[in-house]
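Q: Quick one, structure for this:
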Amino acid sequence: MLEGSCAVCLHTHCPVSPVVLVCVPVAQASTGVRSVPMGTIVQATRANHEIDAEAEGTTLFDGDTLPINGESSLLARLGKSQMYLELNSSVILHHLPKGFSISLTSGTVRIGTSPGETFEAMADGIEIQPVGDAPVLTTITRVSDREINVTSNKGALRVSMADQVDMIQEGHSYRLDVRPVGSLGAANDGQKPKAPGRSYFTIVMIAGVSVGAGIAAWRALVSPCKP
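A: Model prediction:
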């Protein structure tokens, strides 16, 4: 079922009219429940590179699964922050008092937050969140159900699973490998033994990244201006 809705483009830096009123259909939330409105889809592109006009302007609610209309890449504005979901990727969206939370079920998501806003990302039992409320720019990829890659172009990140905590430093990419603990709970990597029946993760730096280049690439990628 679709509902009518109107979205206003106020991107004064776009090379188009400063104010454009566009009426687009709003897709029913994947959960079927209209709860807390969290933001809107700014742009969406199908796998064949066509613009998904039906998805653009859709209001996003707590509990929605993205993308809404099949496989597509999309840019969402959540408060003053942005989230870019790559093609063949999926997240479940939830509300936080000062931001948003996602469960990354497949693919890659890029997140850019504004001052005073935050996010939490869950993937295979690992929780990723900013350190403090300063702006962050990060890319998170669920490679498999045992491997998560995290890049921070701006800001430090905290990664945790149960009582295990590590840091993602600005300007670096890391691989997080989730490992199940054996029945004896022994650790052979020099760490203290883990509790039986639980999982833990190892963290390895895999690359250094250019902070400036990463931010420039993000801006080019998620610009709401279209030719």
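
Q: Look up the closest residue to Arg198, ignoring the ones flanking it.
A: Using C-beta to C-beta, 6 or more residues apart in numbering and skipping the chain neighbours, the partner closest in space to Arg198 is Val181 (5.3 Å). Placement of C-beta: from N, CA and C, glycine included.

Q: Would you confirm that that neighbour contacts Gln164?
A: No: taking contacts as C-beta atoms under 8 Å, Val181 lies outside contact range of Gln164: 11.2 Å.

Q: Pull up the overlap in contacts between the two.
A: Counting by C-beta atoms under 8 Å, 6 or more residues apart in numbering, the residues touching both Val181 and Gln164 are Tyr200.

Q: sorry, back to before: how many neighbours does the residue nearest to Arg198 have?
A: Neighbours of Val181 under the rule other C-beta atoms under 10 Å: 16.

Q: can you count the residues close to Pro97?
A: Look at Pro97: counted by other C-beta under 10 Å, it has 5 neighbours.

Q: Tell me how far it lies from Val36.
A: 11 Å (C-beta to C-beta, to the nearest Å).

Q: so where's this structure uncertain?
A: Applying pLDDT under 70 to the chain picks out residues 1-34, 182-197, 210-227.

Q: the helices in the protein, which residues?
A: For the chain, the helices defined by DSSP state H cover 211-222.

Q: Longest strand in it, please.
A: strand 99-112 (DSSP state E).

Q: how far does that one sit from the chain's center?
A: Its chain's C-alpha centre and that of strand 99-112 lie 2 Å apart, by C-alpha atoms, centre = their mean, to the nearest Å.

Q: in it, what counts as buried?
A: By 16 or more other C-beta atoms under 10 Å, the buried positions in strand 99-112 come out as Gly99, Phe100, Ser101, Ile102, Leu104, Gly107, Thr108, Val109, Arg110, Ile111, Gly112.

Q: And the residues you listed, which two are furthest apart?
A: Using C-beta to C-beta, the two most remote members of the buried residues of strand 99-112 are Gly99 and Gly107, lying 21.0 Å apart.

Q: count of residues packed around the closest residue to Ala162 other than its chain neighbours?
A: Closest residue to Ala162 apart from its sequence neighbours, by C-beta to C-beta, 6+ apart: Arg198 at 6.4 Å. Neighbourhood size, Arg198 [other C-beta under 10 Å]: 14.

Q: and if you look at the one 5 residues further on?
A: Number of residues near Ile203 (other C-beta under 10 Å) recorded here: 17.

Q: Tell me what it is bridged to.
A: Leu176 (DSSP bridges).

Q: and if you look at Ile92?
A: On the basis of DSSP bridges, Ile92 is bridged to Thr65, Ser103.

Q: Over to Ser73?
A: Thr45.

Q: Not counting its neighbours along the chain, what's nearest Leu157?
A: Closest residue to Leu157 apart from its sequence neighbours, by C-beta to C-beta, 6+ apart: Ile168 at 3.8 Å.
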